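>>> sequence plus predicted model, see below.
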Amino acid sequence: MKTARRLLAALHPKSKFLAIMMDMKILSKTMMRQGVIVLCFLVGAGHLRADVASLQASLNAAQGSVFLSDGTAAPEEIVLSHTVKAGEIHSTLTNRGTKFVRISEVVLFDAPHTLPAETRLYGEGFTKLSQTAGTFGKPQNIGDFSDHKHYRIPAPQGLFTVYNMLSLAPERDKRLLLAFTSSQRFAGRFSFNSERLRVSQDLENLELPPGKSFTLESMSVESGTDREVLLDQLARRLNNNHPPLKHNPIPCGWSSWVCFGPGVTSKDVASNSAWIKHNLPALKYVQIDDGYQPWMGDWLDTGKAFGGGVQNVLKQIRADGLEPALWVAPFVASPESKLFKQHPDWFMKDADGKPLRSDKVTFGGWRLGPWYALDATHPDAQKWLEETFRTMTRDWGVTYFKLDANYWGAMHGAKLHDPAATRIEAYRRGMQAILRGTGNSFILGCNHPLWPSLGLIHGSRSSMDIARSCKSFTDTGRENLYRSWQNGKIWTIDPDSLLLGDATSKDVMGPDGKPVTTGNVTFDNLLFHATLLRATGGMLLSGDDLPKLTPNLVSILRKAVPPTKGAFRFADESFTTGRFTDGNTEWIALLNWDDVPVKRVIEFKGNKHIKEYWTDKNLGCHEGSIEIPAMPPRSGMLLKLD
């Protein structure tokens, strides 16, 4: 108890509330050992407290704030209540008055904190492309496509905002993990600066009738010393609220995007399918990644690249003993598309009731735009989604769908056909319609709203698009490793393609609509890239024009298949040394992120025979440790210990 007192005093030295809780013996020794933390916003004191809690008692002392659509505080008839079950905070908002009210947001906590500005953090995005690292004092976007700047998602002013989860490391051996553990209706936000933390849920000005209630998203706040253990616990909570879709084994295949882009032809696909058939049939799925459709939205039509017959290409893939996989952006349509022209009423509306062009409120799309966003609260739009995917599954034989641009299915700033629905509900209804049409097919989410996709996809793209450059390998690599804990737990992650050759289409564009940048890549850089993708434990898709690969690169590709049975575990966010055990074999992934050689000393138990996996270099037998005297700059090694 004395240790707990010192920890709590450090988090907030003036907390009389904590002392009262201690004196009342509400905080039991058992609860101290469990390390459960609840953050309480006390209106009277106006400070953020952290205490290892009797959760119910702490929440009885906590207060929140509710704001109406005009920005004013809700009247006292609008009641925010909390219960705690199995370590999760469940909140309900009830209208006990006699008037309809529109709710802008619920603020669960908003208070100063005493954590140092140097506190390291990681925050998730609402969208797949948005991630945040850095510190409380200097948060940094990971990548160039943040929720706030790229997607223009509104957030509390004057604060840096992340979504879904916020991991804090105020000290080397102390961590806090704040997370929303469900995503059925509302977006959960963590907003902060070096002095203040604000936790809220966006209610989108939804109308709350008299006598009715909103069930808010559940939340947990926990502490510990081990990053991976905390994330494992979060995964279990997410799975309880959103049972994950299962698909075994982990998909392996080939994607047309990097090497051919939207200009892919039937000949390109056929030559790679034939190569896989004769050389590496374990690359089971052949993914046509954009380019077959004339316009976004007209998915059952065929563009010029396939000569009017994409179905013939899909049949040839099956004739090669492989499975056809198809890229679809189900929630967007080009202005020129038949879908939009014939059914404008199926799309999200502006304030005047007209179809809302997406670039008016967010990014307008990277190709064939500006896009309009399908309103999946419209029953006819749901039927269209279900029947479109049923046709592709039943008649075309597609068994794997890469669903891209899914964020637009949850686009902000629009009026929906169902005025009682939120944008998250709109997206989830659309995804449920798609699942009804796809049957047992594998569903990969890409450019998707992250937590709102829980329980609705088998696989989740975890990084920006890969390009053949050292910078891309490291940038996307870090993005992937921040999310590798998700792999095999809440879904299978897709770290994007393994790129070994030098064929890159000039037509390949990033999410900003600009051509991707390539650069000189050394063999050491390729080993970094291959090792990192292996360490994620995720899907394996080759992104090369396979007939052009040299024999030594084919050898690496063969060794990359199949993926490991799980993600490597890293002690911290430096991501330099990852470990994975498969039966009696221990695997160690070593990554040198620097531009200079580095020495590594790796410790392990017992006497081990060690081999570098990619090069087959025998490193001999070692007792307890091995020294790697000089790993080359931007290189990787995959050690196999037997």
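Okay, I see it.

>>> wait, residue 542 sits on residue 498?
Yes: taking contacts as Cβ atoms under 8 Å, residue 542 lies within contact range of residue 498: 5.5 Å. Quick note: C-beta positions are derived from backbone N, CA and C, even for glycine.

>>> between the two, which contacts overlap?
Residues within reach of residue 542 and of residue 498 at once, by Cβ atoms under 8 Å, 6 or more residues apart in numbering, are residue 557.

>>> hey, what's residue 540 bridged with?
In this entry, residue 540 is beta-bridged to residue 252, by DSSP bridges.

>>> give me the number of residues near it?
24 (other Cβ atoms under 10 Å).

>>> I figured it was touching residue 561, is that so?
Yes: counting by Cβ under 8 Å, residue 540 does reach residue 561; the two are 5.9 Å apart.

>>> between the two, what contacts are shared?
In contact with both residue 540 and residue 561: 252, 283, using Cβ under 8 Å, 6+ apart.

>>> circling back: so for residue 542 and residue 498, which sits in the more crowded spot?
Remark: of residue 542 and residue 498, residue 542 carries more neighbours, 26 against 22, as counted by other Cβ under 10 Å.

>>> how about the more buried one: what's its closest non-neighbour residue?
residue 254 (4.8 Å; Cβ to Cβ, 6 or more residues apart in numbering).

>>> can you tell me the SS state at that neighbour?
With DSSP: H, G, I helix; E, B strand; the rest coil as the basis, residue 254 sits in strand.

>>> repeat that for residue 409.
Going by three-state DSSP: residue 409 is helix.

>>> let me see the ranges of the strands in the stretch 451-600 of the chain.
Ranges of strands within the stretch 451-600 of the chain are 459-461, 492-494, 540-542, 569-570, 577-582, 585-591, 598-612, based on DSSP state E, counting those that start in this stretch.

>>> dump those into CSV; add mean pLDDT and distance to residue 268 as well.
Formatted as CSV, the strands of the stretch 451-600 of the chain follow (pLDDT from 0 to 100; distance: least, Cβ to Cβ, whole Å):
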stretch, mean pLDDT, distance to residue 268
strand 459-461, 98, 22
strand 492-494, 97, 21
strand 540-542, 97, 14
strand 569-570, 96, 37
strand 577-582, 96, 35
strand 585-591, 97, 33
strand 598-612, 96, 34
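
>>> in a markdown table, list these along with distance to residue 98.
Below are the strands of the stretch 451-600 of the chain laid out as a markdown table (distance: least, Cβ to Cβ, whole Å):
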| stretch | distance to residue 98 |
| --- | --- |
| strand 459-461 | 45 |
| strand 492-494 | 49 |
| strand 540-542 | 57 |
| strand 569-570 | 55 |
| strand 577-582 | 59 |
| strand 585-591 | 62 |
| strand 598-612 | 68 |
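
>>> what residues are up against residue 593?
Taking Cβ under 8 Å, 6+ apart as the test, what residue 593 contacts is 474, 574-576, 634.

>>> just those now: which is nearest residue 228?
residue 575 (12.3 Å; Cβ to Cβ).

>>> ok, and the closest non-adjacent residue to the closest one?
Nearest one to residue 575, counting by Cβ to Cβ, 6+ apart, is residue 481 at 4.6 Å.

>>> neighbours of that neighbour, how many?
24.

>>> burial check on residue 120, number of neighbours?
Counted with other Cβ under 10 Å, residue 120 comes out at 18.

>>> name the nearest residue to it, ignoring sequence neighbours.
residue 169 (4.3 Å).

>>> ok, residue 212 next?
residue 95 (5.8 Å).

>>> bridged to the one you found, which residues?
Beta bridges link residue 95 to residue 78, judged by DSSP bridges.

>>> got it, and residue 460?
Beta-bridge pairing of residue 460 under DSSP bridges involves residue 445, residue 493.

>>> use 15 as the first number for this chain going forward.
Okay, using 15 as the starting number, the last item reads as residue 474.

>>> measure it to residue 326 for me?
As judged by Cβ to Cβ, to the nearest Å, residue 474 and residue 326 stand 31 Å apart.

>>> residue boundaries of the helices in the stretch 165-314 of the chain?
With helices called from DSSP state H, counting those that start in this stretch, the stretch 165-314 of the chain shows them at 241-255, 271-274, 280-293.

>>> so which of those is the most surrounded?
helix 271-274 (a mean of 26; mean count of other Cβ atoms under 10 Å).

>>> report the distance from that helix to the chain centre.
Centre-to-centre, helix 271-274 and its host chain are 23 Å apart (Cα atoms, centre = their mean, to the nearest Å).

>>> go ahead and confirm residue 484 touches residue 538.
No: contact between residue 484 and residue 538 fails when scored by Cβ under 8 Å: they sit 9.3 Å apart.

>>> and for these two, which residues touch both?
residue 648.

>>> for residue 506, which non-adjacent residue is closest in space?
Closest to residue 506 by Cβ to Cβ, 6+ apart is residue 473, at 4.6 Å.
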